[in-house]
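Undergrad: Kindly generate the corresponding structure for this input.
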Amino acid sequence: MTQLLLSEENPVGVFRRKADILVFAAVYGFRQEARRPLADTGEPIRFEVFERQGYGLVFNLIALAATEDATTLGESDSAVDLRSMIFEEYANGGLELLQQELRGLSDPLGRLLLVIDRERRPQEDGGNEEFDLSRFLPTG
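TA: Here you go, the predicted structure:
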């Protein structure tokens, strides 16, 4: 994840905040049906952090789409915990996939743009991808 975080030590990072990375990873994980339970639960993701950053809707939509049950959006502690768990698991799966996509790259931006393009393309042209630009990206 640090490879993606923009900082003084990493000027080629793509995202300004960890929350941005986790939201991108969760959406990508959901899109790829990559829901991976966390081995070490540690500190759970707090919804308030994502809500403050403007990601509350995405957080809730992922949980709603995953469960197809509107009670997931309730205010009870169990509903909040379920939303957090679902988000964490998709973010974990997305991070795992992104790690594979970015392996060996020193500048992740080009590859992330290709990932976004690849995910968008099947909806636009019915899945007929003309050619894969990733072969033109340097691998190291």
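Undergrad: For residue 59, list the residues it contacts.
TA: 23, 26, 47, 50-51, 83, 87 (C-beta atoms under 8 Å, 6 or more residues apart in numbering). In short, each C-beta sits where N, CA and C put it, glycine included.
Undergrad: contacts for stretch 66-74?
TA: Residues contacting stretch 66-74 (C-beta under 8 Å, 6+ apart): 30, 35, 60, 63-64, 79, 82-83, 86, 90.
Undergrad: So which elements touch the worst-scoring helix or strand of the chain on mean pLDDT?
TA: Here the helix or strand of the chain ranked lowest by mean pLDDT, DSSP states H and E is helix 109-125, holding a mean of 75. For helix 109-125, the elements it packs on are helix 18-31, helix 77-102, judged by 3 or more C-beta pairs under 8 Å, 6 or more residues apart in numbering; DSSP states H and E.
Undergrad: Output that helix as CSV, nothing but the C-alphas.
TA: What follows is helix 109-125, C-alpha atoms only, in CSV (Å, rounded to 0.1, in the frame of the first residue of the first chain):
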residue,chain,number,x,y,z
LEU,A,109,0.2,5.4,-12.2
GLY,A,110,0.4,4.0,-15.7
ARG,A,111,-0.6,0.6,-14.6
LEU,A,112,-3.5,1.9,-12.5
LEU,A,113,-4.8,3.8,-15.5
LEU,A,114,-4.7,0.6,-17.5
VAL,A,115,-6.5,-1.3,-14.8
ILE,A,116,-9.2,1.4,-14.8
ASP,A,117,-9.4,1.3,-18.6
ARG,A,118,-9.7,-2.5,-18.6
GLU,A,119,-12.5,-2.4,-16.0
ARG,A,120,-14.4,0.3,-17.9
ARG,A,121,-13.9,-1.2,-21.4
PRO,A,122,-16.1,-4.3,-21.2
GLN,A,123,-19.1,-2.1,-20.4
GLU,A,124,-18.5,0.2,-23.3
ASP,A,125,-17.8,-2.2,-26.1
